[in-house]
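Participant: no letters, just coordinates:
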């Protein structure tokens, strides 16, 4: 009997669960709301309860599984399996996630940062085609990422490898929540796109629905910016050109440093699809030297919301299954 794996993607709004095969195929999935009240103290008990309930529902036992993998926000101690600083979960103090979940479920448990885990998912069965050198950018409320080099997920000395959102693309640019200026996150996240549009509107004189919406005090979203640009709105096209310039610059720096086979663009902003990707590629080619330009591809993510649970299952294969064989 082939053993299964449980993958968990822990987010600030929902906790996504999946039962997967050793090949990363999802057999069933479900979710729970993330209750961050009482300093997030209900989150781990919810995970344990939900797993145990679903095992009982499917008439399964811990012996049917290799283990549990999870991606979480915050700073992760990989060996101890602890999380700290996951502020969107209200986890301000150290959370002993591994110890509690192993005790509560009777299964081995492994954890990593959520952006790293999503990167593993896309590298394994998504846009990365299981190639050994893949970089993943997730363009959402913030900009995160993960780097797989020579088949290994990079963590760095303090676990901060792959913080692509904090590549400087505008040295005198916007203040970032990290404390420095001009990070990619300030101009290419969903909120960054809106901020750029609002500031650029002051300089634009001409016919534009997007500018009219901003001038009228309407709340706009990054989706509005990309939708209107695809409809030919002149000002929206200028904003998108600026966003993709910054993304192309950051991807060019990544390409020149690491020469991955693929840089994968995921997250909500990437739903603009090939319209976004093609413009990023054009700038990427301007900022890379020939060897990189001809060997590194920019692709859109394929797995959507499943990247996290699939990547979490690959943690189990790498850290539990292979160590047993």
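Facilitator: That came through, no problem. Owing to the predicted nature of the structure, the values given are computational and were not obtained by experimental measurement.

Participant: mind listing residues that contact stretch 174-193?
Facilitator: 139-143, 164-173, 195-196, 221-222, 225-226, 239, 242-243, 246-247, 250, 268-269 (CB atoms under 8 Å, 6 or more residues apart in numbering). In this view, the C-beta of every residue, glycine as well, is placed from N, C-alpha and C.

Participant: now the buried members of those.
Facilitator: Buried subset of those (neighbour count, 16 or more other CB atoms under 10 Å): 139-143, 164-170, 173, 196, 222, 225-226, 239, 242-243, 246-247, 250, 269.

Participant: sorry, back to before: in strands only, show me the contacts of stretch 174-193.
Facilitator: 139, 143 (DSSP state E).

Participant: let me see the contact set for residue 70.
Facilitator: Applying CB under 8 Å, 6+ apart, the residues near residue 70 are 7-10, 47, 97, 101, 109-112, 117, 312, 315.

Participant: can you confirm residue 178 is in a strand?
Facilitator: No. Judged by DSSP: H, G, I helix; E, B strand; the rest coil, residue 178 forms no part of a strand; its state is coil.

Participant: how much space between it and residue 185?
Facilitator: 8 Å (CB to CB, to the nearest Å).

Participant: more crowded one of the two?
Facilitator: When neighbours are counted by other CB atoms under 10 Å, residue 178 and residue 185 differ, and residue 185 comes out ahead with 25 against 13.

Participant: okay, now the unreliable bits of the protein?
Facilitator: Applying pLDDT under 70 to the chain flags the ranges 325.

Participant: now with 80?
Facilitator: In the predicted model, the chain carries pLDDT under 80 at residues 1, 321-325.

Participant: for the stretch 201-325 of the chain, which segments count as strands?
Facilitator: 262-266, 297-300 (DSSP state E, counting those that start in this stretch).

Participant: can you put those strands in CSV and add distance to residue 281 and mean neighbour count?
Facilitator: Listed next are the strands of the stretch 201-325 of the chain as CSV, based on distance: least, CB to CB, whole Å; neighbours: other CB atoms under 10 Å:
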stretch, distance to residue 281, mean neighbour count
strand 262-266, 10, 26
strand 297-300, 5, 19
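
Participant: possible to save the ones you listed as CSV with distance to residue 2?
Facilitator: Output for the strands of the stretch 201-325 of the chain, formatted as CSV (distance: least, CB to CB, whole Å):
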stretch, distance to residue 2
strand 262-266, 28
strand 297-300, 30
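
Participant: which one of those strands lies nearest to residue 93?
Facilitator: Of all the strands of the stretch 201-325 of the chain, strand 262-266 sits nearest to residue 93, with 30.5 Å by CB to CB.

Participant: residues in contact with the closest one?
Facilitator: Counting by CB under 8 Å, 6+ apart, 118-119, 122-123, 126-129, 131, 133-139, 247, 251, 254-255, 276-277, 280, 284, 296-301, 303, 307 sit against strand 262-266.

Participant: mind listing the strands that strand pairs with, and their directions?
Facilitator: strand 134-139 (parallel), strand 297-300 (parallel) (DSSP bridges).

Participant: may I see the ones you listed arranged in JSON lines, with distance to residue 153 as well?
Facilitator: Shown next, in JSON lines, are the strands paired with strand 262-266 (distance: least, CB to CB, whole Å):
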{"stretch": "strand 134-139", "distance to residue 153": "10"}
{"stretch": "strand 297-300", "distance to residue 153": "19"}
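
Participant: verify the stated contact: residue 159 with residue 113.
Facilitator: Yes. Taking contacts as CB atoms under 8 Å, residue 159 lies within contact range of residue 113: 7.2 Å.

Participant: common neighbours of those two, please.
Facilitator: Joint contacts of residue 159 and residue 113 (CB under 8 Å, 6+ apart) are 75, 76.

Participant: of the contacts of stretch 174-193, which belong to helices?
Facilitator: Taking DSSP state H, the ones among the contacts of stretch 174-193 that sit in helices are 195, 196, 222, 225, 226, 239, 242, 243, 246, 247, 250.

Participant: show me which of those is closest to residue 216.
Facilitator: Using CB to CB, the ones in helices among the contacts of stretch 174-193 come closest to residue 216 at residue 225, 15.5 Å.

Participant: list the contacts for the closest one?
Facilitator: 193, 194, 197, 210, 236, 239, 240.

Participant: which of those residues lies closest to residue 22?
Facilitator: residue 193 (39.1 Å).

Participant: ok, and the closest non-adjacent residue to that closest one?
Facilitator: residue 222 (3.9 Å; CB to CB, 6 or more residues apart in numbering).

Participant: the one you found against residue 194, yeah?
Facilitator: Yes. With contact defined as CB under 8 Å, residue 222 reaches residue 194; the gap is 6.0 Å.

Participant: identify the contacts common to the two.
Facilitator: Common neighbours of residue 222 and residue 194 (CB under 8 Å, 6+ apart) do not exist.
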